[in-house]
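[1] my questions are about this predicted structure, shown below with the sequence.
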Amino acid sequence: MSKIGKKRITIPDGVTITVNEGVVQVAGSKGSLHVSLPQAITVSLQDGELAVARASDEKQARAFHGLVRSLVQNAVIGVSQGYKKTLKLVGTGYRVQSQGANLSLAVGYSHPIVFQPPAGVSLSTEGTDTIHIEGIDKQVVGQVTANIRELKPPEPYKGKGIRYSDEVVRRKQGKTVA
């Protein structure tokens, strides 16, 4: 039995869950999400908690068991609390500005880069070197954060670039004069 899959999901106040044929619909104060279910997985509502079960012990069903439980748990957390990631700009002259819903990044190129977020994700800035990415879908928030970081990833010699707020960049020594 999957250690993660057999854990029950507690439903916080203000979150409603609807289990239909092959889809779990999760709605809360921040919005609503849906999780598609594979055929071998069933989700049932018992005593105010969600239980995820699998139909058989086939390899594919075992693989999906913990995955579906984690996806539903992420949806419940997303619609009740939301997800937030933070990026830092490190480097001389590197700065960010909000332009409505978009971001304007000056990260060492000859022109500023304008980044437009997808629907359901909000971008905000703090000062000129911090970006906050917020949304209800964990996967989308993480992907948008990775896309922004990809514009100028941190380099190992001076550490300049866009990095996660908790990221530690391993520095290289560089050239030495003989």
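    Received it, and whenever you're ready, just let me know what you need. The structure presented is a predicted model; accordingly, all values stated were derived computationally and were not measured.

[2] next helix or strand past the longest strand along the chain?
    Secondary structure assigned by DSSP state E gives strand 83-90 as the longest strand of the chain. Per DSSP states H and E, strand 83-90 leads on to strand 95-99 as the next helix or strand towards the C-terminus.

[3] between strand 95-99 and the longest strand of the chain, find me the angle.
    Counting by axes from the mean of the first three to the mean of the last three C-alpha atoms, to 10 degrees, strand 83-90 lies at 130 degrees to strand 95-99.

[4] pLDDT (mean, whole number) over strand 83-90?
    Averaging pLDDT along strand 83-90 yields 96.

[5] give me the residues contacting it.
    77, 95-96, 105, 107, 128-138, 141-142, 145, 148-149, 154, 159-165 (C-beta atoms under 8 Å, 6 or more residues apart in numbering). (Glycine included, C-beta is placed from N, CA and C.)

[6] restricted to buried residues, select those residues in PyMOL.
    Per 16 or more other C-beta atoms under 10 Å, the buried members of those correspond to this PyMOL selection:
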select buried, resi 77+96+105+107+131+133+134+135+136+137+138+141+145+148+149+154+160+161+162+163
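
[7] outline the domain layout of this protein.
    Following automatic domain parsing, the chain resolves into domains at 9-80, 83-164.

[8] what about these, which gets the closest to residue 176?
    Nearest of these to residue 176, taken as C-beta to C-beta: domain 83-164 at 12.8 Å.

[9] tell me how far the ends of the closest one are from each other?
    Distance between the two ends of domain 83-164: 15 Å, counting by C-alpha to C-alpha, to the nearest Å.

[10] ok, which stretches of this protein are strands?
    Assigned by DSSP E, the chain shows strands spanning 9-10, 16-20, 23-27, 32-36, 41-46, 49-54, 83-90, 95-99, 102-106, 113-115, 121-126, 130-135, 161-164.

[11] can you lay out the ones you listed as TSV showing distance to residue 67?
    Shown next, in TSV, are those (distance: least, C-beta to C-beta, whole Å):
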stretch	distance to residue 67
strand 9-10	14
strand 16-20	17
strand 23-27	13
strand 32-36	10
strand 41-46	9
strand 49-54	10
strand 83-90	18
strand 95-99	35
strand 102-106	32
strand 113-115	30
strand 121-126	23
strand 130-135	21
strand 161-164	24
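
[12] looking at the ones you listed, which is closest to residue 170?
    With respect to residue 170, and counting by C-beta to C-beta, the nearest of those is strand 161-164 at 11.7 Å.
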